[in-house]
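K.L.:
Sequence first, then the predicted structure, then my questions.
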Amino acid sequence: MISTTEIDPAGIAGDALAAADPQLADLVAREEQLQSRTLRLIPSENYVSAAVLRASGTVLQNKYSEGYPGRRYYEGQQVIDQIERLARSRAERLFGVDHANVQPYSGSPANLAVYLAFAEPGDAVLGMSLPMGGHLTHGWKVSATGRWFTGVQYDVRRDTGRIDLDQVRDLAREHRPRILICGGTAIPRTIDFAGFAAIAQEVGAVLVADIGHIAGLVVGGAHPSPVGHAPVITTTTHKTLRGPRGAMILTDNDHAKAVDRAVFPGLQGGPHNHTTAAIAVALHEAAQPPFADYARAVVANAQALAAELITRGYQLVSGGTDNHLILIDLTTKGVPGKIAAQGLDRAGLVTNYNTVPYDPRPPFDPSGLRIGTPALTSRGIGVDQMPIIAGWLDRGIAAAGRGNEEELATIRAEVFELLGAYPAPGVGESSVGSAS
Ligand SMILES: *Cc1c(COP(=O)(O)O)cnc(C)c1O
């Protein structure tokens, strides 16, 4: 076993954790090494800054504060109230909304809070189906949202791979949903918030824009904002927004009270104050001019990578991307998504297998591979490197299909070498090249 100090002399493992629990510290150091030495292409992942990481590992862990600032059920909130107010006001200013609730534990509970606020059990909720690019919590049948509510699901068009608002409108007229959700986890194209808003208005549904994947692009001006179209916006804070694992619900004044009551006391107990603090830091970072450059670079990288993959004969769902995400249909390459993803992982290219629309293969062994550029862009990797990365993906997928472990190991070494020049934010930089 490699000693933790060897891997990570300056990082988390070198301190109290290593002294108290060397076994766990060693695992953290190994994860740090993985994050440093492999190329993270999972579009929902990112690297938080050292400042965000620091804020989330503080004594704020120790404080209970059920309620909201000024209306708590525990004393001793002199500082916590200020922290939550700061996070809230930064979110309101950055997104341009009336009200922000920063307490949801993560994206899924945030969506559940919205259901609790605006629907009754059994009501119809209209969202994108999971295998077409939606999220479990958009009414998919195995989720609580699909079991306790009547999940009605829209698709993408077979010929374009894009959402068909005519189908959404037809389903909305037929089922009269209380809630209409737009957004998802595998949508490579711009979401037409105005189009969804018109449908919601026609049928009297609350439009919820779930921008978990694209929140960073929205605040950076690289994707249109749902503000002014969707009165309720849910988002994770840990994807393109580059904050800690958490979530927020942003609303107009009319929907604020119902959301606040649904989050607490409807669904949760004490908020995670260390996360609230880290969200505040991430929002502060996202408000600085360089963050807009980052958001634009994420999209430029994804579009350059998509073009390189097309050149190499890859078929992309919807033919390309407008955002941070690329969904590859590997059918024409004859390599199943899971074989490809697992082989690429051995090559130091971390992706996830994914269903493609109308996938003939089962969800646990689908035809697609989902990749994205938020994390690599946070390392400062730019469009000039996209041909190299596309080449690795192409060689890696072919090698995975043939079971060529030697080629996968060769790629892994090439990846490691390039990444040495692009240290990952917040990750112990010493871990690159310092250990075997
Ligand atoms: C990630 C995501 C979620 C769920 O967030 P968790 O934090 O994983 O619970 C919900 N909706 C969308 C659109 C997402 O991208």
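P.N.:
Nice, thanks for sending it over.

K.L.:
Settle this for me: residue 258 is touching residue 118, isn't it.
P.N.:
Yes - Residue 258 is in contact with residue 118 according to CB atoms under 8 Å; the separation is 6.6 Å. Placement of C-beta: from N, CA and C, glycine included.

K.L.:
of those two, who's got more company?
P.N.:
With neighbours defined as other CB atoms under 10 Å, residue 258 and residue 118 compare such that residue 118 has more, 20 against 17.

K.L.:
Show the model's pLDDT score for the closest residue to that one other than its chain neighbours.
P.N.:
Once flanking residues are discounted, residue 118 sits nearest to residue 206: 4.7 Å by CB to CB, 6 or more residues apart in numbering. Residue 206 is assigned 98 on the pLDDT scale.

K.L.:
what's the spacing between residue 200 and the ligand?
P.N.:
Applying CB to the nearest ligand atom, to the nearest Å, the value for residue 200 to the ligand is 17 Å.

K.L.:
Same question for residue 315.
P.N.:
For residue 315 relative to the ligand (CB to the nearest ligand atom), the value is 24 Å.

K.L.:
who does that residue bridge with?
P.N.:
residue 329 (DSSP bridges).

K.L.:
Now for it: which residues touch it?
P.N.:
328, 329, 331, 332 (CB atoms under 8 Å, 6 or more residues apart in numbering).

K.L.:
I'd like the distance between the residue lying farthest from the centre of the chain and residue 63.
P.N.:
No residue in the chain sits farther from the centre than residue 75, which is 34.8 Å out by CA atoms, centre = their mean. Distance, residue 75 to residue 63, by CB to CB, to the nearest Å: 11 Å.

K.L.:
mind giving me the domain ranges of this structure?
P.N.:
Using automatic domain parsing, the domain ranges for the chain come out as 55-286, 299-431.

K.L.:
contacting residues around the helix or strand in which residue 234 is found?
P.N.:
Per DSSP states H and E, residue 234 falls inside strand 232-236. Contacts with strand 232-236, where a contact means CB under 8 Å, 6+ apart, come from 44, 95, 97, 104, 106-107, 110-111, 114, 117-118, 206-212, 215, 226-227, 241, 245-251, 255, 259.

K.L.:
at 6 Å instead, please
P.N.:
Contacts of strand 232-236 from elsewhere in the structure, counted by CB atoms under 6 Å, 6 or more residues apart in numbering, are 107, 110-111, 114, 206, 208-212, 215, 226, 247-251, 255.

K.L.:
which of those residues are close to the ligand?
P.N.:
107, 111, 210, 212 (CB under 6 Å from any ligand atom).

K.L.:
for those residues, which one is nearest the ligand?
P.N.:
Comparing those against the ligand with CB to the nearest ligand atom picks out residue 107 as the nearest, at 2.2 Å.

K.L.:
Quick check: bridge partners of the closest residue in space to the closest one that isn't next to it in sequence?
P.N.:
Ranked by CB to CB, 6+ apart and with sequence neighbours excluded, the top spatial neighbour of residue 107 is residue 236, at 3.9 Å. The partner list for residue 236 in beta bridges (DSSP bridges) reads residue 247.

K.L.:
okay, now residue 236: neighbour count?
P.N.:
Residue crowding around residue 236 was assessed by other CB under 10 Å; the count is 24.

K.L.:
what's the spacing between stretch 273-282 and its chain's center?
P.N.:
Its chain's C-alpha centre and that of stretch 273-282 lie 17 Å apart, by CA atoms, centre = their mean, to the nearest Å.

K.L.:
near the ligand, anything from that stretch?
P.N.:
No - Stretch 273-282 stays clear of the ligand (CB under 6 Å from any ligand atom), getting no nearer than 11.3 Å.

K.L.:
for this protein, longest helix please?
P.N.:
When the chain is parsed with DSSP state H, its longest helix is helix 289-311.

K.L.:
in that one, what's buried?
P.N.:
For helix 289-311, burial by neighbour count (16 or more other CB atoms under 10 Å) applies to 291, 294-295, 297-309.

K.L.:
Closest one to the ligand out of those, please.
P.N.:
Taking the buried residues of helix 289-311 together and measuring to the ligand by CB to the nearest ligand atom, the closest member is residue 298, at 15.0 Å.

K.L.:
List the residues that contact the closest one.
P.N.:
So residue 298 contacts 324, 373, 374, 377 (CB under 6 Å, 6+ apart).

K.L.:
Name the helix or strand for residue 327, please.
P.N.:
strand 325-329.

K.L.:
packing partners for that strand?
P.N.:
strand 315-316, strand 368-372 (3 or more CB pairs under 6 Å, 6 or more residues apart in numbering; DSSP states H and E).

K.L.:
Check which element follows it along the chain.
P.N.:
helix 337-346.

K.L.:
Now do that following helix and strand 325-329, the angle between them.
P.N.:
120 degrees (axes from the mean of the first three to the mean of the last three CA atoms, to 10 degrees).

K.L.:
List the strands paired with the helix or strand just after helix 337-346, with their directions.
P.N.:
For helix 337-346, the following helix or strand on the C-terminal side (DSSP H and E) is strand 349-350. If you go by DSSP bridges, strand 349-350 pairs up with strand 39-40 (parallel).
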